[in-house]
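> Provided below are the primary sequence and the corresponding predicted coordinates.
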2 protein chains.
Amino acid sequence: MTDVKHMKWWGWGVEGVGFHHEDKPGFAPFVVNAVGIDVWKEPVPPIDFAEVNVPESVASDEFFAALTTIVGPEYATTDGLERVVHTYGKSIRDLIRLRDNVLPRVPDVVVYPADESAVQRIMALAVAEDAVIIPFGGGSNIVGSLEPVPTETRTIISLDMGRMSRVLDIDEYSNLATIQAGVLGPDMEEQLNARGWTLGHFPDSFTHSTLGGWIATRSSGMQSDKYGDIADMTKGLRVVQPGKLLVVRPIPASATGPSVREAILGSEGRLGIITEATVQVHRLPAKREVLGYLFKNWDSALAAMHDIATSDAAPSITRVSDARETAFSFSTSKASHGISGQVQKALFAFLQKRGWNLDEVCLSFIGYEGTASNVSHQKSVVGDVLKKHGAITLGKGPGALYDQKKFDTPYLRDFLLDRGAAADVSETAAPWAKLKPLYDNVFAAANKAYAEIGMKGWIMCHLSHSMHSGACLYFTFAFTHDGVDPIAQYDVVKSAIQQAFIDNGGTLSHHHSVGVEHARWIEDDISTAGADLVQGMFTTVDPGKNLNPGKILTRE
Amino acid sequence: MTDVKHMKWWGWGVEGVGFHHEDKPGFAPFVVNAVGIDVWKEPVPPIDFAEVNVPESVASDEFFAALTTIVGPEYATTDGLERVVHTYGKSIRDLIRLRDNVLPRVPDVVVYPADESAVQRIMALAVAEDAVIIPFGGGSNIVGSLEPVPTETRTIISLDMGRMSRVLDIDEYSNLATIQAGVLGPDMEEQLNARGWTLGHFPDSFTHSTLGGWIATRSSGMQSDKYGDIADMTKGLRVVQPGKLLVVRPIPASATGPSVREAILGSEGRLGIITEATVQVHRLPAKREVLGYLFKNWDSALAAMHDIATSDAAPSITRVSDARETAFSFSTSKASHGISGQVQKALFAFLQKRGWNLDEVCLSFIGYEGTASNVSHQKSVVGDVLKKHGAITLGKGPGALYDQKKFDTPYLRDFLLDRGAAADVSETAAPWAKLKPLYDNVFAAANKAYAEIGMKGWIMCHLSHSMHSGACLYFTFAFTHDGVDPIAQYDVVKSAIQQAFIDNGGTLSHHHSVGVEHARWIEDDISTAGADLVQGMFTTVDPGKNLNPGKILTRE
């Protein structure tokens, strides 16, 4: 095994770390109410890896030897665990398939190139031998961007970028850092922070996703209101393509025809392997505050977020949970922390006295960064908007807690799966005027789907990113599955939610990308002519269909 | 003739309006010094239109009749003046060719479709008959995006979008306006302003360019620091393609694979005819101020712009002229306005007393917009940076004057051409650390080119747009030409400047696009693999090469 770190083969995150409910007294009653599960009952853990039926590698000895020559003997492997780790991302579909031993096709070889030159040689070999290359970053994808086409007969290489993890250069006057694509979030920030810089990109997957993965899927982080999406940050690119090296020079803005940079962004490996990017970076802010707020209800919360986005204010985070997600948040409070226990009781009593319905209260976090005077100015501008919408300030305590726990939520999925419930997320973006009806119709669609499959289900939402003309709504859904065919049940629910996005003026994904999971809706979203144009890009770069085939477009 | 307005067939802007120097006492001495021209000598006006050799239209009667059926008899024409008006943009190359009667190929028919359905029918006819379509907006392009391929033997249609000029809808809650692509800047702003909105896009060409033209060339306006470039503003698009209608829905941000939206942006008609766009709009600001400042020299000016862009400040305009452009600005002051005459003398005396070298002083304009409190906050944050760099505030007077005169500069080119000098502009963008060496090397390259052609020449520059990782440098150059082959002389100078952009880490154009003028450098800029990808888009959408062939890529 190499020193490249991976998540658990069967679930999210680091081995030995998981979600625990014992210190969260509100959680058990919440879950019974939401999906009908008793969290105290004996969990059913995932199968042991020894039980997994790993298909044999179809890589020929010659092919494997050629790859070994390129990367070195310790960095090419046909080991079963390695290959399974590189088969899927971490969607609920992936987690269920792993538990159910459903592995129709896994990569035949996993390789860890040390540098761009090795990637070029692997590419040349793969094209010459008509093999398939699937690039692999942190493996956190939840839309099927990593999985082999089940019927693929050619040799499949999973190209793990994990060794290419260095910040190569910081141009401290241009605010630009050149970074290898395989670096994981924390490793990258550590290297940048050491010199006083930050990228400012913190997606939920941050601890287990890579720069190259963010670019290949059009990722967006929690502080996008200030720092922009990865598409805004990415200025230069180096991409290994069949027989070519595509280079986008780091230019702040350019008028060079159709954007090649914006074609590589979101290309999920289909237009080549991103080896390196030059991204805009920021000095670590002198001050950073995340404040908690409460809104009387979802309508006033949405209206406030709209007004902040339309104003001159520039907060770094604007996030608000609907009443159901707010209830979820309160249920995961530890007895000893945050707005829980006595404090929570006192707060609720105060709100009731003001005439607030506790079932409608919405929890919000708003972040401010920069110089002390900028933070204070932004807080004051935002404060005026919040006051107009009747929000109550909870101060820094809950904000700090949110900041600490923000990357932990994905662990919950494995906890629920151990207990017979399936949970996943779907996000969209839409213009401000469409958000409220979209939200209502997504809820109706999900509840109809739960009725259809005859299972108790739950759906909750937060607004996660605000833009001038609209916002991202991020839904989390969960249901008790029947234990027979949970994926079929998931398909009903997931499809209903995605269809409601499209039918209500939303996009199929704001920042999780297309993969195979969302490919069904691509022509509804970007039009058939748009899909034709994207297909033309794929065919131009990859006439032999060697680059991660089957993703984004369903037509092949 | 239709009621669609056009610029002079031979020059910039409105008939009867031009540059006058008589009320600007500093101008004559400035021009003698810069390019050696006596502005008092008798001008040589452009030729009379009667002298122009307009090639016969090759459109067949049947074809013309079919077009007439689509748009109505008054909106299809083979009139000579109309066809010449639609042949070129307004680059110095275009202006010289018109004066020199160089019209190897002009469009055969000019059509004015009333709506998208008419555009679709024209497209179907053009593809069926293997004709060429060149879309035409305001005709202000300076990189040859509008001109027919000189050797084109097929029938060429100039598709003038001028009748499609309505703001169709404003979604006042989403800050989105849906607008027909053929609308000219002032007409669009008038329609938006009437309802309290603005797009905030004010390129130098504003009075004579269109929304569709801005999108097709990746335009950037003077207030881009606040409002972004047209690429940032454009959310939804409708594009008529051969046999298809491409629709990008107005979504604030999306992760739907390679960006189709960003492929249409900058496509110069090669990926279809943009009929409509949904753009993000802003409420007219409560307050708007443009302040003038002086810097001791270019180094301190650039350093200040860098520090503003790197700070938390969000001004709407950051613009600074180098010492030579500053001298030019002072030379165009009217005796009765601005910082001229006695005031100018007093100011200069004051600066000299402070030890400033008057030959090095740089004039800057910085704009602030929004609520009164935002304007005051931004001014204060920017003010701290300016103070650090020793800038002197000139206040609102010069700023207001700049604001009034900002669209007038292009008229100067025709004035100079009447007097034997050729002038044009070239802009680039580069990372902050590269701006100073790029600037120095562009000057050296231009001066070397002037020596090579043996002519007295001038070049000056301003920083026109600031971004987090770099800025746009906008060069204006002029030289006395030999009266024999001014275009050959222009080629030497223009090529030297463009090559210096590329060699010093700049892009071939920040916001004027590629056309034919910059196509030579496209592979240096976006790499050969990048150009291959763009070529693939063109071939996919337009296998018959009916859509504005020859632009952006030189390989065909």
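That came in fine, so what should we check first?

> how does chain A divide up, domain by domain?
Domain assignment of chain A by automatic domain parsing yields the ranges A:44-160, A:167-283, A:287-405, A:411-517, A:518-556.

> any bit of stretch A:513-530 sitting next to chain B?
Yes. Using Cβ under 8 Å from any Cβ of the partner chain, stretch A:513-530 reaches chain B at A:513-514, A:522, A:525-530. C-betas here are computed from N, CA, C, even on glycine.

> from those, list the buried ones, please.
Listed as buried from those are A:513-514, A:522, A:525-527, A:529-530; burial here means 16 or more other Cβ atoms under 10 Å in any protein chain shown.

> low-confidence ranges, the stretch 451-556 of chain A, go.
By pLDDT under 70, the low-scoring segments of the stretch 451-556 of chain A are A:556.

> tell me where it has strands.
A:457-467, A:470-480 (DSSP state E, counting those that start in this stretch).

> what's the most buried one of these?
Each of those was scored by mean neighbour count; the highest is strand A:470-480, a mean of 26, by mean count of other Cβ atoms under 10 Å in any protein chain shown.

> what's it packed up against?
Contacts defined by 3 or more Cβ pairs under 8 Å, 6 or more residues apart in numbering or on different chains; DSSP states H and E place strand A:470-480 against helix A:27-35, helix A:298-310, strand A:421-431, helix A:432-453, strand A:457-467, helix A:486-503.

> least trustworthy helix or strand in chain A by mean pLDDT?
Among the helical and strand segments of chain A, the one scoring lowest on mean pLDDT, DSSP states H and E is helix A:396-405, with a mean of 82.

> so what touches the helix or strand that comes right after that one?
With elements assigned by DSSP states H and E, the helix or strand that comes after helix A:396-405 is helix A:411-417. For helix A:411-417, contacts defined as Cβ atoms under 8 Å, 6 or more residues apart in numbering or on different chains pick out A:10-13, A:17-19, A:21, A:31, A:35, A:37, A:43, A:46, A:92, A:95-96, A:99, A:422-424, A:478.

> thinking again about what came up before, so can I have a markdown table of the domains of chain A showing distance to residue B:508?
Shown next, in a markdown table, are these (distance: least, Cβ to Cβ, whole Å):
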| stretch | distance to residue B:508 |
| --- | --- |
| domain A:44-160 | 25 |
| domain A:167-283 | 6 |
| domain A:287-405 | 32 |
| domain A:411-517 | 30 |
| domain A:518-556 | 22 |
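
> what is the burial count for residue A:371?
16 (other Cβ atoms under 10 Å in any protein chain shown).

> actually residue A:333, sorry about that
22.

> SS state for it?
Residue A:333 falls in the coil class when you classify it by DSSP: H, G, I helix; E, B strand; the rest coil.

> I'd guessed residue A:93 sits against residue A:487; true?
Yes. Using Cβ atoms under 8 Å, residue A:93 is in contact with residue A:487, at 6.0 Å.

> neighbour-wise, which of the two wins?
Shown here are residue A:93 and residue A:487; by other Cβ under 10 Å, residue A:93 has more neighbours (24 against 15).

> show the model's pLDDT score for that one.
On the pLDDT scale, residue A:93 is placed at 98.

> that one and chain B, how far apart?
Taking Cβ to the nearest Cβ, to the nearest Å as the measure, residue A:93 falls 18 Å from chain B.

> work out for me the element that residue sits within.
helix A:92-99.

> what does residue A:23 give?
Going by DSSP H and E, residue A:23 is not in any helix or strand.

> do residue A:369 as well
Residue A:369 belongs to strand A:362-370 when assigned by DSSP H and E.

> distance from stretch A:393-401 to the middle of the chain?
Centroid separation between stretch A:393-401 and its chain, computed with Cα atoms, centre = their mean, to the nearest Å, is 25 Å.

> pull out the buried residues from that stretch.
A:394, A:398-401.

> just send those back as a markdown table, with distance to residue B:185 too.
Formatted as a markdown table, the buried residues of stretch A:393-401 follow (distance: Cβ to Cβ, whole Å):
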| residue | distance to residue B:185 |
| --- | --- |
| A:394 | 47 |
| A:398 | 48 |
| A:399 | 44 |
| A:400 | 48 |
| A:401 | 50 |
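
> chain B: which of the residues you listed is nearest?
residue A:399 (19.8 Å; Cβ to the nearest Cβ).

> the closest one: what's it in contact with?
So residue A:399 contacts A:289-292, A:365, A:367 (Cβ under 8 Å, 6+ apart).
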